[in-house]
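Peer 1: just coords:
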Ligand code: 2DT
């Protein structure tokens with residue numbers, strides 16, 4: 001996989017706090033890329049349709065309790081089970097726009113305090129490394145005003161503040177922080193420009209392994 005050089009798709013991840021607009025922006029980005037002639041496909045984590053994903057869904061809607069370690073590993077397993085699909089899309093030249101990935105996996109779990117960074121990172125090591133992470137940044141107090149906020153686990157202001165700090169601690173050179181406290185179309189335009197720059201830069205470059 002590492003020496004795959006021809007025209008390949010880019011792995012683009014959108015990250016950020018709950019209700020910041022990741023899913024709408026990711027969907028919009030896929031449409032805009034397609035209109036411009038770049039094959040693109042949406043993916044999101046957790047992917048709740050698989051057996052592992054169903055357990056995660058039950059946990060998030062509070063119909064099931066799991067230890068912090070167990071739910072962390074399920075979120076990670078949910079990514080690993082989709083690695084073959086991710087690799088196939090990239091090989092086919094399809095650009096993937098992924099709504100949450102290992103950075104959510106780390107930022108939320110580490111915010112629980114009982115879990116430490118290196119323990120959480122272990123099972124994530126070696127997943128396909130994104131070519132670009134677009135971090136939609138906003139102050140959590142701006143999110144609690146949104147209608148759907150507070151319905152699922154983790155949607156609590158103090159917790160979101162911790163998650164934001166933990167996200168920021170994961171910043172690397174393939175990250176771009178985007179101010180999400182602006183109109184949808186302005187944020188969308190920034191995402192599109194960054195995505196196109198990345199798509200144009202990946203052919204000939206291998207897909208790296210995350211945190212390896
Ligand atoms: P959505 O509301 O975006 O479906 O997310 N989460 C997500 C984790 O704790 N670890 C992970 O690895 C992922 C992908 C963030 C559901 C919630 O699940 C959290 C919010």
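Peer 2: Sure, I can see it. No experiment lies behind these values; they were computed from the predicted model shown. Residues are numbered from 1 along each chain as shown.
Peer 1: switch to C-alpha atoms for all contacts and neighbour counts from now on
Peer 2: OK.
Peer 1: and residue 193, how many neighbours does it have?
Peer 2: 11 (other Cα atoms under 10 Å).
Peer 1: element containing residue 47?
Peer 2: Under DSSP states H and E, no helix or strand contains residue 47.
Peer 1: nope, residue 104 is what I meant
Peer 2: helix 102-110.
Peer 1: also residue 130?
Peer 2: Per DSSP H and E, there is no helix or strand for residue 130.
Peer 1: show me the contacts for it.
Peer 2: 10, 11, 12, 13, 174, 207, 208, 210 (Cα atoms under 8 Å, 6 or more residues apart in numbering).
Peer 1: let's see which of those residues end up in strands.
Peer 2: Counting by DSSP state E, the part of the contacts of residue 130 found in strands is 11, 12, 13.
Peer 1: and which of those is nearest to residue 114?
Peer 2: residue 13 (26.8 Å; Cα to Cα).
Peer 1: these two touch, right, the closest one and residue 136?
Peer 2: No. Using Cα atoms under 8 Å, residue 13 is not in contact with residue 136; the gap is 10.6 Å.
Peer 1: ok, and does the helix or strand encompassing residue 26 reach over to the ligand?
Peer 2: With secondary structure defined by DSSP H and E, residue 26 is part of helix 22-35. No. If you take Cα under 6 Å from any ligand atom as the test, helix 22-35 misses the ligand, and the best it gets is 7.5 Å.
Peer 1: then stretch 62-73?
Peer 2: No. Stretch 62-73 lies apart from the ligand when judged by Cα under 6 Å from any ligand atom; the minimum separation is 6.5 Å.
Peer 1: what's the first-to-last distance across that stretch?
Peer 2: 18 Å (Cα to Cα, to the nearest Å).
Peer 1: re the thing from before, which secondary structure elements does the helix holding residue 104 contact?
Peer 2: strand 11-16, helix 68-80, helix 117-121, helix 157-168 (3 or more Cα pairs under 8 Å, 6 or more residues apart in numbering; DSSP states H and E).
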